[in-house]
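> Take this sequence and fold it.
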Amino acid sequence: QSVGFVLPPQNYPLYIRSVPTENELKFHYTVHTSLDVVDEKISAMGKALVDQRELYLGLLYPTEDYKVYGYVTNSKVKFVMVVDSSNTALRDNEIRSMFRKLHNSYTDIMCNPFYNPGDRIHSRAFDNMVNSMMMQVC
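Sure thing, here's the model as predicted:
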C-alpha cells in the first residue's frame, strides 16, 4: 500500500493518489499528522534549507504499519509519501529520486498557462507518472 499527497503552504490537498483506495481516510489522517513534523524540520533547517537546496526531508516518522517520507519545494509546496513498512526493498536514495521525479512533474504542471496555482491538479501526465511510481513502490 502507498499514498502520495501534494500540499501547498496552506496544507489543503492539491493532489491525492492512494493504491489501493480502501483506507484513504486513514491516510488523510496520517499525512496531516506528518505535516507537524514537516513544519518542525523546515524551521529547524531554517536558512540552511535555502542555502543547500536540499529539499528532501527524509523519513518523517515510522509507524507500525507505514513509513512517512517528506519533501518540500522552494515555494513551500509539500510532497508526502506513505509506504508500507514491510517494503524493505526501498532505499532512501530511491525515495529521494521518486520525489525529484514528482517535483519535476509538478513543475511541468505549474508551467502550463492554463493551470491556476492553488487549484487541484488534474493532469493525465501527472497521473501516469504517479501511477508508475506507485507500482514501483508496491
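
> For residue 80, what is the enclosing helix or strand?
Under DSSP states H and E, the secondary-structure element containing residue 80 is strand 78-84.

> Could you identify the helix or strand that succeeds the lowest-mean-pLDDT helix or strand in the chain?
Across the helices and strands of the chain, mean confidence by mean pLDDT, DSSP states H and E is lowest for helix 47-52: a mean of 56. The helix or strand immediately downstream of helix 47-52 is strand 56-62, counting by DSSP H and E.

> Show me what the longest helix anywhere in the chain is in contact with.
Here the longest helix in the chain is taken by residue count, with DSSP state H as the criterion, and it is helix 24-45. Among residues not part of helix 24-45, those counted as contacts by CB atoms under 8 Å, 6 or more residues apart in numbering are 3, 5, 7, 11, 13, 16, 18, 49, 54, 57, 60-61, 63, 66, 68, 70, 72, 76, 78, 80, 82. (C-beta placed from N, C-alpha, C; glycine too.)

> Am I right that residue 101 is in contact with residue 133?
Yes: with contact taken as CB atoms under 8 Å, residue 101 and residue 133 are classed as touching, separated by 6.7 Å.
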